[in-house]
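Enquirer: Okay, sequence plus prediction incoming.
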Amino acid sequence: MIKKTALNIIIIFLGFILNAQEIKTVEFDVNQAVDYAMENNLTIKNSQSEIAKAKWKVWETTAIGLPQVNATIDYNLYPDIPTQYMPDFITPAIIGANTYYFGLTPVAPLPEEGEKFAVQFGNKHNMNYGASVSQLIFSGEYIVGLMAARTYKLLSEQNFDKAKIELKATVKLAYYMVLIANQSKEILIENYKNIEKLHIETQKLVDVGFASQSQADQMKILELTLKNQISSLERQEELSVLMLKFHLGLIPQDSLILTTKLDELVKEISLEIVGTEFDVNANMDYQLMTTQVALAKLNLKRSMSTTLPTLTGFYSYSENAQNDSLIFIDNTKEWNPTSVVGLKLSIPIFSSGQRTAVIQQRKIEYNIAENQKQMVEQQLNIKFYQTKSNYLNALETLLNQKENLDLSKKIYNETLIKYKEGAASSMDLTQNQNQYLQNEASYYQSLLQLLNSKTELEKLLNK
């Protein structure tokens, strides 16, 4: 009874978990998969958040040059009022006045020269409140910083565009790998069924004495080999599906159905894409490098702007009250106002070469960025030529592999018929089957390489 109750609790708990994850079934062709990933991929979501962050960064920088208002309230309690020592100038004055005007003779002695007495000034309770307003009037560093913040926002937008291009290519390749793994598995399953059936028929011939046991054993070896290969492809397909789900933003428990067929992808392959002119200015990597150069230039300008003066205007108003008791709302107590308005001009004069050293560093960084931009341009042109060559080579290889696959399949089918008729040995069948399966694997490897090259070309061309 206890075990049954515990099992029910576990089942209910698992049910809550599955419901919380909102398991769903989705069907996508390759383009729909890309569109779905653009909305649900976590990397894309983070890139969108970076854009939002950059927008707030622009406002943060902009606000530096807008009015700044601050208010303060101070309260100070002096349990012991500060004591100061002062020269005794009062006693001699009083004694002198009494002697001169009233003829009185002092009883107490006069204070000694230099003698001081303790006095306390102020009240135990002090309160002050006020407000201040400041306005940046001119700052070269602020102007350049505002330009840099806007360029930083542009950089985050370009990174977002690059992330979308990268994700599109990644989703397509993951989609292709699932299709190829599935198609390869289906072909092996079909071969396995044929060999399994042939093994049963051969064993029957062995039982009636029309075939040797070695022939049946050879069929069994082929059957087990194909079974192992099918298991391996099933695991490969499962892993490919998990990777595709990850890129799509799905959870592993979701059901994913792919509607695009490999034959459709093969029909879309053409030489049209290799005839497209490569515009390096449209490439996202080059655009990002161009923005990096702009940021390096602005960084140089910002360092140079530190040699310019900064002008700020300000105004402040405050009131102060002092009292021996903690009561400040009594109208008889006076609040003493203070206000000030002014301008502050800060002029950099001499920094022992520190500013010059910083400016020289920024100049070097800017020159390095310019050189890197040229390097990226050259590398992209070389990469386009190389990727285009890879695409043409992969297309040529695929056509050759398709012909080899068709021929090996034809030979295998003919040998299979001959084996059934007793005109071919099991060794001949094994060799022809291995040749057929190797050509089949080579064909799909060539197809994957071609699709990969096509995807790389699309990335370079921003398609």
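Expert: Looks like it came in fine.

Enquirer: Just give me how far the helix or strand A296 falls within sits from the chain centre.
Expert: Element membership of A296 [criterion: DSSP states H and E] is helix 284-305. Centroid displacement of helix 284-305 relative to its chain, using Cα atoms, centre = their mean, to the nearest Å, is 21 Å.

Enquirer: Quick check: next helix or strand after the helix or strand encompassing V119?
Expert: Using DSSP H and E, V119 falls within strand 116-120. Using DSSP H and E, the helix or strand that follows strand 116-120 towards the C-terminus is strand 125-138.

Enquirer: Helix 284-305 and the very next helix or strand once past that following strand, what's the angle between them?
Expert: Sequence order places helix 140-207 as the next helix or strand after strand 125-138, per DSSP H and E. Counting by axes from the mean of the first three to the mean of the last three Cα atoms, to 10 degrees, helix 140-207 lies at 160 degrees to helix 284-305.

Enquirer: Quick one: mean pLDDT for helix 140-207?
Expert: The average pLDDT within helix 140-207 is 90.

Enquirer: switch to numbering from 34
Expert: Understood, numbering begins at 34; the last thing we discussed is helix 173-240.

Enquirer: and the helix or strand just after that helix, which residues are buried?
Expert: Scanning forward in sequence from helix 173-240 by DSSP H and E, the next helix or strand is helix 246-281. Within helix 246-281, the residues that qualify as buried are 248-249, 251-252, 255-256, 258-259, 262-263, 266, 269-270, 273-274, 276-281, counting by 16 or more other Cβ atoms under 10 Å. Where C-beta positions appear, they are placed from N, C-alpha and C, glycine not excepted.

Enquirer: could you say what helices and strands helix 246-281 packs with?
Expert: helix 63-73, helix 173-240, strand 288-291, helix 459-493 (3 or more Cβ pairs under 8 Å, 6 or more residues apart in numbering; DSSP states H and E).

Enquirer: And these: which comes nearest K86?
Expert: Across those, K86 has its closest neighbour in helix 173-240 (7.3 Å, Cβ to Cβ).

Enquirer: now the angle between helix 246-281 and the closest one, please.
Expert: Going by the same axes, to 10 degrees, helix 173-240 is angled at 160 degrees with respect to helix 246-281.

Enquirer: that older thread, next, the angle from the helix holding A329 to helix 459-493.
Expert: Using the same axes, to 10 degrees: helix 317-338 against helix 459-493 is 40 degrees.

Enquirer: Can you name the element that comes right after helix 317-338?
Expert: For helix 317-338, the following helix or strand on the C-terminal side (DSSP H and E) is strand 343-356.

Enquirer: For that following strand, which outside residues touch it?
Expert: 105, 155-174, 361, 363, 366-379 (Cβ atoms under 8 Å, 6 or more residues apart in numbering).

Enquirer: Can I get the buried ones among the residues you listed as something I can paste into ChimeraX?
Expert: The buried residues among the contacts of strand 343-356 can be selected in ChimeraX (16+ other Cβ under 10 Å) with this line:
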select :158,159,160,161,162,163,172,173,174
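
Enquirer: Look up how far T488 lies from V391.
Expert: Separation of V391 from T488 (Cβ to Cβ, to the nearest Å): 45 Å.

Enquirer: gap between N467 and E473?
Expert: 11 Å.

Enquirer: Sorry, wrong one. I was asking about L428.
Expert: Distance, L428 to E473, using Cβ to Cβ: 19 Å.

Enquirer: Just to check, Y209 is in contact with L298?
Expert: Yes - with contact defined as Cβ atoms under 8 Å, Y209 reaches L298; the gap is 7.1 Å.

Enquirer: quick one on the thing from earlier: which outside residues touch the strand holding V152?
Expert: By Cβ under 8 Å, 6+ apart, the list of residues contacting strand 149-153 reads 114-121.
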